[in-house]
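Novice: Provided below are the primary sequence and the corresponding predicted coordinates.
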Amino acid sequence: MTEHAVVIAGGGPTGLMLAGELVLAGVNVAIVERRANQDMPGARAGGLHARTIEIMDQRGIAERFLAEGTALQVAGFGPARLDISDFPTRHNYGLGLWQNHIERILAGWVQELGVPIYGSRAVTGFEQDENGVDVVLDGGQALRAHYLVGCDGGRSLVRKLAGIEFAGWEASVSSLIAEAELAEAAEFGLHADEVGTQAMGPMGEGNKVRIVLTQRYAGQSDPTVDDLKAGLVAVFGSDYGVHNVTWLSRFTDMARQAVAYRDGRVLLAGDAARVHSPVGGQGLNIGVQDAVNLGWKLAQVVKGISPERLLDTYHAERHPIAARVLRNTLAQIALGRGDERTKALNEIMGEVLAMDAPRKRFAGMMSGLDVHYDLGEGHPLLGRRMPDLDLVTADGAIRLYSLLHEARPVLIGFDENGWSDTGPWADRVQAVRADCNGTWELPVLGTVEAPGAVLIRPDGYVAWVGVGNGADPTGALETWFGPR
């Protein structure tokens, strides 16, 4: 039986990112993916939000995505586009880049790191005991792992076999999405009717068009070309001679979430942990962010650095983020209906979100830049993303995010009183003395007091802030990076 420390079921963006995080931490990880490679029908999700771009920057791979995508103001809520160009981040924009390209770039990075992928295979079952998990693949092959992580999508077999409840709301609308060609001229654009959003537009690839049709709930069965034609006639009065349909799928506004992100040695991440409407383009992004939150924690537990209870913080931190996404997608679906009452509500929402404070609040939420993990009372930085400051160290000028390229935590001292000695944690935590002359500013919150020192987790969130004489990070070092 082949053994790995961690087996990941699913090689989409979440699974790929998690594999990269684990191998950077020195963990033996493997991916089981039912596809032979990253090829997929349809372009799928359409881009990266600002916080996800920052995460890629923390690992030194952001330029790979930026070189192929288009920088755009993609954050929005309902009818309102939310400009974040004034937000204090190097990446005060989103990135227009289809999921097939995102996956290809991530897969290239993971291959460089040497992660084995069991392609054209699927997890069909597993049994866990107190020491590990026996994972069964189709064809009868078996793998042994310390932990199994389900990154296998909204219909996750891992979640179902683990018996984890998937609580939430059933669908009220169903949407067809297609990539095809039209034999007749059509009027491109987007409009809302009493059911929801209807749209057609060119894809920029030959004569290809993308079609989105929203219908009253019509089940979750796989749609047919006849369903697409009937939907076009119902909405536009013609099927425009639609042909050469290369991708046809259905999505709904079902909103469900796993009540627990962990059952013993089995964990969930990405779409396996929640499903919701794709409105707002949040699904891929929070899946990648799940992976970066989980990766370093799982690595420390596997390697015996931290006790197993560290994994409890994964659910505690990420479950509320997904719950918020479910709530805001349900609200946006409601705002997407085109009846006169909803149009009036949309107009009022547009006026509210044109105001500076509401714009910043909602843009921070949609871009992921406002995420705040509850790590207790203290400095505003505590539990929030660390800004990518320009630093001057003994080795010269650097960007702060360059210190996170290897996914290692870092303790930075900024003044003569700022603690920068990791002591017994020196083999686990980098220690840096640096000068920073710039303004300390956070999205939504604004300017904050410059600290004397900060302890930054591998996912880029601040675990401890030192202010004043006598500030001591020992407690935070023990909590997050194991006993001395």
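Specialist: Noted; the coordinates are in hand.

Novice: now for the lengthiest helix in the chain, which elements pack on it?
Specialist: Counting by DSSP state H, the longest helix found in the chain is helix 312-335. Of the remaining helices and strands, those touching helix 312-335 by 3 or more CB pairs under 8 Å, 6 or more residues apart in numbering; DSSP states H and E are strand 255-258, strand 262-263, strand 274-275, helix 283-302, helix 340-353, helix 356-367. All C-beta spots, glycine's among them, are computed from the backbone N, C-alpha and C.

Novice: That helix vs helix 283-302, what angle?
Specialist: Interaxial angle of helix 312-335 relative to helix 283-302 (axes from the mean of the first three to the mean of the last three CA atoms, to 10 degrees): 170 degrees.

Novice: Please list the outside residues in contact with helix 312-335.
Specialist: For helix 312-335, the external contacting residues (CB atoms under 8 Å, 6 or more residues apart in numbering) are 77-79, 168-169, 172-173, 196, 253, 255-257, 260-262, 267, 273-274, 276-277, 279-280, 282-283, 286, 289-290, 293-294, 297-298, 342, 345-346, 349, 365-366, 371, 373-374.

Novice: which other residues reach stretch 109-116?
Specialist: 4, 16, 19, 20, 23, 24, 29, 30, 31, 61, 64, 117.

Novice: Show me what the helix or strand of the chain with the lowest mean pLDDT packs onto, helices and strands only.
Specialist: One helix or strand of the chain scores below all others by mean pLDDT, DSSP states H and E: strand 189-192, with a mean of 81. If contacts are counted by 3+ CB pairs under 8 Å, 6+ apart, strand 189-192 sits against strand 197-202.

Novice: again, only using 10 Å
Specialist: Using 3 or more CB pairs under 10 Å, 6 or more residues apart in numbering; DSSP states H and E as the contact test, the elements touching strand 189-192 are strand 197-202, helix 340-353.

Novice: can you pull the buried residues of it?
Specialist: residue 192 (16 or more other CB atoms under 10 Å).

Novice: now do stretch 463-473
Specialist: 463, 464, 465, 466, 467, 471, 473.

Novice: So which bits of stretch 229-240 are buried?
Specialist: Those would be 229, 230, 231, 232, 235, 239, 240, for stretch 229-240 by 16+ other CB under 10 Å.

Novice: Tell me how far the last one lies from residue 229.
Specialist: From residue 240 over to residue 229 the distance is 9 Å, taken as CB to CB, to the nearest Å.

Novice: which residues of the stretch 301-450 of the chain score low on pLDDT?
Specialist: 417-418, 420 (pLDDT under 70).

Novice: Please name the strands paired to the least confident helix or strand of the chain in the sheet, noting orientation.
Specialist: Neighbouring strands of strand 189-192 in its sheet, by DSSP bridges, are strand 197-202 (antiparallel).

Novice: any idea of the mean pLDDT for the partner strand?
Specialist: The pLDDT scores in strand 197-202 average 88.

Novice: What of stretch 56-66?
Specialist: Mean predicted confidence for stretch 56-66 is 98.

Novice: Just the terminal-to-terminal distance for that stretch.
Specialist: Stretch 56-66 has an end-to-end distance of 10 Å (CA to CA, to the nearest Å).

Novice: tell me how far it is from the chain's mean position?
Specialist: 15 Å (CA atoms, centre = their mean, to the nearest Å).

Novice: And for stretch 376-384?
Specialist: Distance, centroid of stretch 376-384 to centroid of chain: 22 Å (CA atoms, centre = their mean).

Novice: If you count neighbours, what's buried in that stretch?
Specialist: For stretch 376-384, by 16+ other CB under 10 Å, it's 379, 380, 381, 382, 383, 384.

Novice: and which of these is nearest residue 392?
Specialist: residue 381 (19.9 Å; CB to CB).

Novice: quick one: the strands in the stretch 351-484 of the chain?
Specialist: If DSSP state E, counting those that start in this stretch is used as the criterion, the strands of the stretch 351-484 of the chain fall at 390-393, 396-399, 410-413, 430-435, 441-442, 446-447, 453-456, 462-466.

Novice: Relative to residue 39, which of these is closest?
Specialist: strand 396-399 (34.9 Å).

Novice: Relative to that closest one, what are the paired strands and their orientations?
Specialist: strand 390-393 (antiparallel).

Novice: what comes up buried for the strand it pairs with?
Specialist: Neighbour-count burial for strand 390-393, counted by 16+ other CB under 10 Å, picks out residue 391.

Novice: So what's the gap between that strand and the chain middle?
Specialist: That offset, for strand 390-393, works out to 29 Å (CA atoms, centre = their mean).

Novice: contacting residues around that strand?
Specialist: 397-400, 402-403, 412, 414, 432-438 (CB atoms under 10 Å, 6 or more residues apart in numbering).

Novice: In these, which residue is surrounded by the most others?
Specialist: residue 412 (26 neighbours; other CB atoms under 10 Å).

Novice: List the beta-bridge partners for that residue.
Specialist: Applying DSSP bridges to residue 412, the residues it is bridged with are residue 432, residue 454.

Novice: Tell me who's in contact with it.
Specialist: Per CB under 10 Å, 6+ apart, neighbours of residue 412: 386, 389, 391, 393, 400, 403, 418-420, 430-434, 436, 451-456, 466.

Novice: Distance of it relative to residue 419?
Specialist: Taken as CB to CB, the span from residue 412 to residue 419 is 9 Å.

Novice: Overlap of the contact sets of those two?
Specialist: 431, 452, 453, 454, 455, 466.

Novice: thought the fifth one was touching residue 428?
Specialist: Read that as residue 455. No: using CB atoms under 10 Å, residue 455 makes no contact with residue 428, being 11.7 Å away.

Novice: Neighbour count: these two, which is higher?
Specialist: Remark: of residue 455 and residue 428, residue 455 carries more neighbours, 24 against 17, as counted by other CB under 10 Å.

Novice: that older thread, nearest to residue 105 among the helices and strands packed on strand 189-192 would be which one?
Specialist: strand 197-202 (24.2 Å).
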